[in-house]
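*Asks:* fold the stuff below for me.
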Amino acid sequence: MSLTGNLSTMSITEVLEWLSLSRKSGTLVVNGPRFTKKLYLINGELVAISSDNPREMIGRYLVGSGYLGPDELDYLVEMQDHFRIALGELAVKLGQIPRADMDRLLQIQTDESLADLLAWNQGDFSFLEDELPPNELGRVKLDVRHALMEGVRQHDERCRMRDVVPNAHHVPRLVRTPEVSKLSDGERAVIRAMDGVRTIEEIALRGRVTEFTALSLVYRGAREGWLEVGPPPPELEAADPLARFAWKDVADEIRENVERKHLLDALDGVNTLRQKYGDDPAAKDFAFEIEKEVEDLLHSDELGPTALLAPTVDQRQLMKLQIPPTLGFVLSRVDGRYSVEEVLRQLPGNRLANLAHLHELLRRGLLRAQGVHSVLRYDDPGSPPRG
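*Replies:* Numbering: from 1, shown residues only. The predicted structure is shown next:
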């Protein structure tokens, strides 16, 4: 069986949850705007991720963690091409890294690659059932639902930390020694790797911990006053002098969608803007401004909380509709008896996005809203159905 779709209509979280619950085995290929990732599942469990993003390749982790030098990595890559064996497996066989340490790096690589993927809202995906990676590919074992919950938690935490630690390119510097007894082994490794020159990204690699672990400790240290967070090195800031203006092209498209009342597309654009340019204060302010504008438009009389929703197609027609899966799912929750608020309570995920899905269904003529009554009283969700 082959499953295909687009992340603008079905999120990667929904795709992975379905594959996990269905206990599928195979390869999920996700083609994003810049990179492609492949996720390998066996009986619904995630066992490996591969990516063509250089920052997510195992060689970067081997060098950054100090197991290999750049020249040694180049030599290993040449040998890998000859022997056709996974780079990490080859490093273990040659005695350059213990098996346990290699397994730890693979776990870190997988966690970070998945966390990055969960922020994608653009790209195409396809699932190739029973197509699995070669045996030589380094494997981990992740419970998909737990990994998704952890990924969402980390995303929320990163957003919360941004005012203090904008990203992993910044340089932390100790101003006094923290209380070591209150630190985990991983956090101690982060402290040891701080030299006032390395970025948080480099510190995570050197300390052999996830980037999120390093970010969290730097955030905590800055809040408690025992370290300071300095700007990125000049070479990183100068790497792309036009990057701070590039977001305006995305902003123009978002603004056009708002004016055309394509509010679901506008919110997707806001997510893209945050993903790519979230460190730019002007882009961040624009994203909040658009969200507020979209929210105001969605809270019209037509989509008021007590408005009664009804589908304009029956169940048989619904099965034949060529609409995105997420819209089909939202439409399946509407049966003509419940209000906007009651439908929203049944839907998982972000409330504003769900409201935008209802608006899109109204715009397409697949849904109608009328009156202010429903099967339940709006002010009492526990009241019995009316006769």
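*Asks:* strands of this structure, start to end?
*Replies:* 2-6, 26-31, 36-42, 45-51, 124-129, 171-174, 227-230, 308-311, 367-370 (DSSP state E).
*Asks:* low-confidence ranges, the stretch 101-250 of the chain, go.
*Replies:* Counting by pLDDT under 70, the stretch 101-250 of the chain has low-confidence residues at 133-139, 141, 235-247, 249.
*Asks:* pLDDT wise, what is the residue nearest to P70 when sequence neighbours are not counted at?
*Replies:* In space, and not counting its chain neighbours, P70 is closest to V63: 6.2 Å by C-beta to C-beta, 6 or more residues apart in numbering. From N, CA and C alone the C-beta is placed, and that goes for glycine too. Looking at V63, its pLDDT is 85.
*Asks:* now do the helices in the stretch 151-300 of the chain.
*Replies:* For the stretch 151-300 of the chain, the helices defined by DSSP state H, counting those that start in this stretch cover 185-193, 200-207, 211-224, 234-237, 243-259, 263-277, 281-298.
*Asks:* wait, which of those helices is closest to I323?
*Replies:* Comparing these against I323 with C-beta to C-beta, the closest turns out to be helix 263-277 (11.8 Å).
*Asks:* list the helices and strands the closest one packs on?
*Replies:* Counting contacts by 3 or more C-beta pairs under 8 Å, 6 or more residues apart in numbering; DSSP states H and E, helix 263-277 is packed against helix 243-259, helix 281-298, helix 351-363.
*Asks:* can you check what angle separates that helix from helix 281-298?
*Replies:* 170 degrees (axes from the mean of the first three to the mean of the last three C-alpha atoms, to 10 degrees).
*Asks:* ok, residues contacting helix 263-277?
*Replies:* Contacts of helix 263-277 with the rest of the structure, by C-beta atoms under 8 Å, 6 or more residues apart in numbering, involve 8, 119-122, 243, 246-247, 250-251, 253-254, 257-258, 283-284, 286-287, 290-291, 294, 297-298, 352-353, 356-357, 359-360.
*Asks:* I'd like the strands of the chain as JSON lines, with distance to E89 and mean neighbour count appended.
*Replies:* Formatted as JSON lines, the strands of the chain follow (distance: least, C-beta to C-beta, whole Å; neighbours: other C-beta atoms under 10 Å):
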{"stretch": "strand 2-6", "distance to E89": "30", "mean neighbour count": "14"}
{"stretch": "strand 26-31", "distance to E89": "19", "mean neighbour count": "19"}
{"stretch": "strand 36-42", "distance to E89": "15", "mean neighbour count": "20"}
{"stretch": "strand 45-51", "distance to E89": "12", "mean neighbour count": "21"}
{"stretch": "strand 124-129", "distance to E89": "23", "mean neighbour count": "17"}
{"stretch": "strand 171-174", "distance to E89": "34", "mean neighbour count": "19"}
{"stretch": "strand 227-230", "distance to E89": "38", "mean neighbour count": "16"}
{"stretch": "strand 308-311", "distance to E89": "53", "mean neighbour count": "19"}
{"stretch": "strand 367-370", "distance to E89": "53", "mean neighbour count": "17"}
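*Asks:* same list (those) but as TSV, adding distance to L76.
*Replies:* Formatted as TSV, the strands of the chain follow (distance: least, C-beta to C-beta, whole Å):
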stretch	distance to L76
strand 2-6	35
strand 26-31	25
strand 36-42	22
strand 45-51	17
strand 124-129	29
strand 171-174	30
strand 227-230	34
strand 308-311	59
strand 367-370	57
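*Asks:* those: which one's closest to E342?
*Replies:* That would be, of these and by C-beta to C-beta, strand 308-311, which comes in at 8.7 Å.
*Asks:* so what does the closest one touch, helix or strand wise?
*Replies:* Going by 3+ C-beta pairs under 8 Å, 6+ apart, strand 308-311 lies up against strand 367-370.
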